[in-house]
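# Need the 3D shape of this:
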Amino acid sequence: MNYKLLIAVAGTVALAGCASGPDEATTEQLTSMSSQIEALETKIDSLEAEHASLKSDAMAASEAKQMAMSAEDEAARANERLDNLAQSYTK
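Modelled structure (predicted):
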């Protein structure tokens, strides 16, 4: 009987130890880590916004480059037509 009582008391003490909350140092660490996580999330959000802005700028630059190349092609064709026209007058 003493053996069963001893097991019951040991089990109760073990469960009571597990039932207690985190100590003060652990709570401070959790609070510190939470604030660090929030700061990192804010930084990630700002970097994502900056990335989107840069991506938009790059797309605009790409479109401008395409438009410039198209205008250059049109100018080359116009110059060729003018050259052909000038040759027909001299002959």
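# Which stretches in the protein count as strands?
Remark: no strands are assigned in the chain by DSSP state E.
# which regions of it sit below the pLDDT cut-off?
For the chain, residues meeting the criterion pLDDT under 70 lie at 1-3, 5-6, 8-21, 89-91.
# rerun that using 90 as the cut-off
Low-confidence segments of the chain (pLDDT under 90): 1-27, 81-91.
# Can you pull up the most central residue in it?
The centre of the chain sits closest to E48, judged by Cα atoms, centre = their mean, with a distance of 4.2 Å.
# separation between that one and T27?
32 Å (Cβ to Cβ, to the nearest Å). For glycine as for every other residue, the C-beta is placed from the backbone atoms N, C-alpha and C.
# next one: S53
Here S53 is placed at a distance of 40 Å from T27 (Cβ to Cβ).
# Who are the contact partners of A71?
Contacts for A71 (Cβ atoms under 8 Å, 6 or more residues apart in numbering) come out as none.
# what's the distance between it and A64?
10 Å.
# quick one: the helices in the chain?
All helices of the chain, identified by DSSP state H, fall at 2-19, 24-90.
# about what we covered before: check the gap between the residue nearest to the centre of the chain and K55 for me.
When E48 is compared with K55 (using Cβ to Cβ), they lie 10 Å apart.
# Repeat that for S34.
Taking Cβ to Cβ, one finds S34 at 31 Å from K55.
# now swap in E41 and tell me
Computed as Cβ to Cβ, the E41 to K55 distance reads 21 Å.
# Can I get stretch 26-37 as CSV, trimmed to CA atoms?
Taking C-alpha atoms only, stretch 26-37 is exported to CSV below (Å, rounded to 0.1, in the frame of the first residue of the first chain):
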residue,chain,number,x,y,z
THR,A,26,11.4,32.6,-20.6
THR,A,27,8.6,35.2,-20.7
GLU,A,28,11.2,38.0,-21.3
GLN,A,29,12.8,36.0,-24.1
LEU,A,30,9.4,35.3,-25.7
THR,A,31,8.6,39.1,-25.5
SER,A,32,12.0,40.0,-27.0
MET,A,33,11.6,37.4,-29.8
SER,A,34,8.1,38.6,-30.6
SER,A,35,9.3,42.2,-31.0
GLN,A,36,12.1,41.0,-33.2
ILE,A,37,9.7,39.1,-35.3
